[in-house]
Every structure is written in structure tokens, then in C-alpha cells.
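*Asks:* Sequence and predicted structure are below.
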Amino acid sequence: MGTSESVSALELAALLCSRVCHDVISPVGAITNGLEVLADDDDPEMRDHAMDLITKSAAQASAKLQFARLAFGAAGSAGAALDLNDARAVAEGLMASEKASLEWNAPSATMGKDYVKLLLNMLLIGIAAIPRGGVVHLSVEGDLAAPHLSLRSTGQAARVPEETAKFLQGRDPNGFLDARAVQPFYTGLIARGLGLGIDARMEGEEFRLDARPV
């Protein structure tokens, strides 16, 4: 298994930018299509359909960008703490367009921003683990200065995502790190930077992901 140092800062930044663009291009494209219908079609039913598409797609794009700002961006100053209620709000906004539902178990408190980033990135892995939908249970336990972050995903065909298996613990020299694989790779980077061990596994038919002090 390769180490995190085998990826340059420039490459990591480029891959994360590609990941964000991939996430928002679909709803933005739908907005463009809706606007074209409004410009070219006078049929009231088609215009109503276009407005509905624009409204829903704009909400989805906004939710994805707000989520990305906390999960991938530099929200807050160095060493800053972020409100877990804000994290919950962006997580629930993201989940509104997903097949899975979210059960959030965290206190109404602030937590170090890198722990919040890790929590939100764990959520993305939890969603990927149940592609047919289900429930993602996300918990913050213990001392908020050094918390245990726990995720469980339950649903039909739950499994450890292939990219998570290959890249969560560092760069796989036999794997290609692309915009899809960079997300679990980045999740592992954050965890190790915080001095946390992170582990993805199946327990029966349930996917588990834990990050805790080592």
C-alpha cells in the first residue's frame, strides 16, 4: 500500500475540484435544459414542467455546493470549530436528493473543523455503500476534543465501496486515483492528520465505518 505522500498537493487539489464539478454538473445541466425550454416553448404544460425542473435542480445544486464547502473547502480559520447543527443542515440538504435517508446522532455543539470535514466525508462513503438506498446512521461519540465518529449503512446490497477498499488507507500502487477514488482517499488523509485510525468493514449485512483515536 502506498502512502499519502505519494500524491502531490497540486494533484490532490485538481482531483477534489474534479469531484466537486462532477457532483454539480448534472443539476446545473438540468437548469440549462429547463431554461432552453422556457425560451423556445410556449406550451403552458411544458413551461410548468421546465420551471419545476429548474426549481428542483437549483435546490440540488445549492445543497451540493453547500455540502462541498464544508466537506472539501476551507470553511473557518485554521484551528476553527464548526457548529454540528450547521453540518447536520448541509448533510440533510444533500440527502434530500439521495436514495438513502439519514439518522443523525450528534450533540448541539461545536467541534474542530477537521473533525466535521471527516464526518461529512464519512457520510459520502456511507451513501456509496448502499447504492440501492437504505439508511445511513451517523454518530459523534465521546469527548468532542477527540471524538469517536461512527457510521453504519443498512440497505439492500450494502457493501464496502471498491474505491474505499483500495484508497481509504492510502494510495494503492495498483489502483488509479481519479475524481471518484479521491474522496475516500481524502477521508483517510483527514483521519490520519487528526491522529485517528479509520476502518471500513462489513458486519453481517451492515457496512461500518469508524474513526477513533489510536
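*Replies:* Good, I have the coordinates.
*Asks:* Packing partners of the longest helix seen in the chain?
*Replies:* Counting by DSSP state H, the longest helix found in the chain is helix 9-40. In terms of contacts (3 or more Cβ pairs under 8 Å, 6 or more residues apart in numbering; DSSP states H and E), helix 9-40 is packed against helix 44-71, helix 182-193. In short, each C-beta sits where N, CA and C put it, glycine included.
*Asks:* buried residues in it?
*Replies:* 12, 15-16, 19-20, 23-24, 27-28, 30-31, 34, 37 (16 or more other Cβ atoms under 10 Å).
*Asks:* Any chance of a markdown table for the helices and strands packed on helix 9-40, columns distance to Ala211?
*Replies:* Below are the helices and strands packed on helix 9-40 laid out as a markdown table (distance: least, Cβ to Cβ, whole Å):
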| stretch | distance to Ala211 |
| --- | --- |
| helix 44-71 | 14 |
| helix 182-193 | 5 |
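*Asks:* Just say which of the ones you listed is most tucked in.
*Replies:* helix 182-193 (a mean of 22; mean count of other Cβ atoms under 10 Å).
*Asks:* partner strands of the helix or strand just after it, parallel or antiparallel?
*Replies:* Scanning forward in sequence from helix 182-193 by DSSP states H and E, the next helix or strand is strand 196-203. Counting by DSSP bridges, the strands paired with strand 196-203 are strand 206-213 (antiparallel).
*Asks:* and the most far-flung residue of the chain relative to its centre, how far is that from Leu53?
*Replies:* Distance from the C-alpha centroid of the chain peaks at Asp42, with 39.4 Å (Cα atoms, centre = their mean). To Leu53, Asp42 is 17 Å away according to Cβ to Cβ, to the nearest Å.
*Asks:* my guess is Ala128 meets Leu168, correct?
*Replies:* No. Contact status for Ala128 versus Leu168: not in contact, 11.6 Å apart, counting by Cβ atoms under 8 Å.
*Asks:* Of these two, which one has the most company?
*Replies:* For Ala128 versus Leu168, neighbours defined as other Cβ atoms under 10 Å are more numerous around Leu168 (24 against 20).
*Asks:* Let's test this: what are the backbone torsions at the more buried one?
*Replies:* Main-chain dihedrals, Leu168, degrees, to the nearest 10: phi -60, psi -40.
*Asks:* now do Leu82
*Replies:* According to degrees, to the nearest 10, the main-chain angles of Leu82 amount to phi -120, psi 150.
*Asks:* what's near enough to touch it?
*Replies:* The neighbourhood of Leu82, defined by Cβ atoms under 8 Å, 6 or more residues apart in numbering, consists of Leu70, Ala75, Gly76, Thr110, Met111, Gly112, Lys113, Val116.
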